[in-house]
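Undergrad: I need the structure of the sequence given here:
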Amino acid sequence: MPRPASLSPERILDAAERLLRRRGAAALSMRALATALGVDPMAPYRYFGSRDAVVAAVAERRVGAGLAAAMGRRGRWRTRIEALALAYWRGVAGQPELVLALTARSEASATLAARWQDGVQRALADTGLARRAQRELADALADLVHGAALAPVGASERAVKRSIALLLDGVDARLGSGQL
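TA: Here you go, the predicted structure:
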């Protein structure tokens, strides 16, 4: 099958997102992408070295800009954490198959996870919270976001904001009492 002149990373990522939505994370493969694009099975490899690289690029495309904007935010640690968590949620909301693909393969999400951890740690830098507690909070927030994205009915932004606030209320209370 000849390679169409219009094959590009963007076109491949569009097809990957469609496959994720329509057929699920398990159905996303380089061969399935090639078939969906009507190209030679090896053509997607010219742009992405593996399925994991495609998943990582889809995640970056969906979540990256929002995380970058949230990481640039100033203000109290809590405001910055809320912005990060909402940016992440907005990127994966309505994309349960993307969440499944990210959580099923750690290689696919390593870059995004590192950016997420970095953002949370930067936001918490002035709190005196130990690194371990920062990582645990980042993990708990990521779990909350993933769970909200996987909810069968889908969580509203208002519900996600309330859940984030409840989690952060506990952190705030413990910080205030010296328990963290």
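
Undergrad: list the buried residues of the helix or strand harbouring Ala142.
TA: Per DSSP states H and E, Ala142 falls inside helix 131-150. Going by neighbour count (16 or more other C-beta atoms under 10 Å), the buried part of helix 131-150 is Ala133, Gln134, Leu137, Ala138, Leu141, Ala142, Leu144, Val145, His146, Ala148, Ala149, Leu150. In this view, the C-beta of every residue, glycine as well, is placed from N, C-alpha and C.

Undergrad: how about JSON lines for those residues, with distance to Ser6 and pLDDT added?
TA: Formatted as JSON lines, the buried residues of helix 131-150 follow (distance: C-beta to C-beta, whole Å; pLDDT from 0 to 100):
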{"residue": "Ala133", "distance to Ser6": "49", "pLDDT": "89"}
{"residue": "Gln134", "distance to Ser6": "45", "pLDDT": "90"}
{"residue": "Leu137", "distance to Ser6": "44", "pLDDT": "92"}
{"residue": "Ala138", "distance to Ser6": "40", "pLDDT": "92"}
{"residue": "Leu141", "distance to Ser6": "39", "pLDDT": "93"}
{"residue": "Ala142", "distance to Ser6": "36", "pLDDT": "91"}
{"residue": "Leu144", "distance to Ser6": "40", "pLDDT": "93"}
{"residue": "Val145", "distance to Ser6": "35", "pLDDT": "91"}
{"residue": "His146", "distance to Ser6": "34", "pLDDT": "91"}
{"residue": "Ala148", "distance to Ser6": "36", "pLDDT": "90"}
{"residue": "Ala149", "distance to Ser6": "31", "pLDDT": "88"}
{"residue": "Leu150", "distance to Ser6": "34", "pLDDT": "87"}
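
Undergrad: quick check: domain ranges of this protein?
TA: Annotated domains of the chain cover 9-46, 62-177 [automatic domain parsing].

Undergrad: now do the end-to-end distance for the first one.
TA: Meaning domain 9-46. 9 Å (C-alpha to C-alpha, to the nearest Å).

Undergrad: how about it, which residues are buried there?
TA: Applying 16+ other C-beta under 10 Å to domain 9-46 flags 11-13, 15-17, 19-20, 25, 28, 30, 32-34, 36-37, 39, 43-44 as buried.
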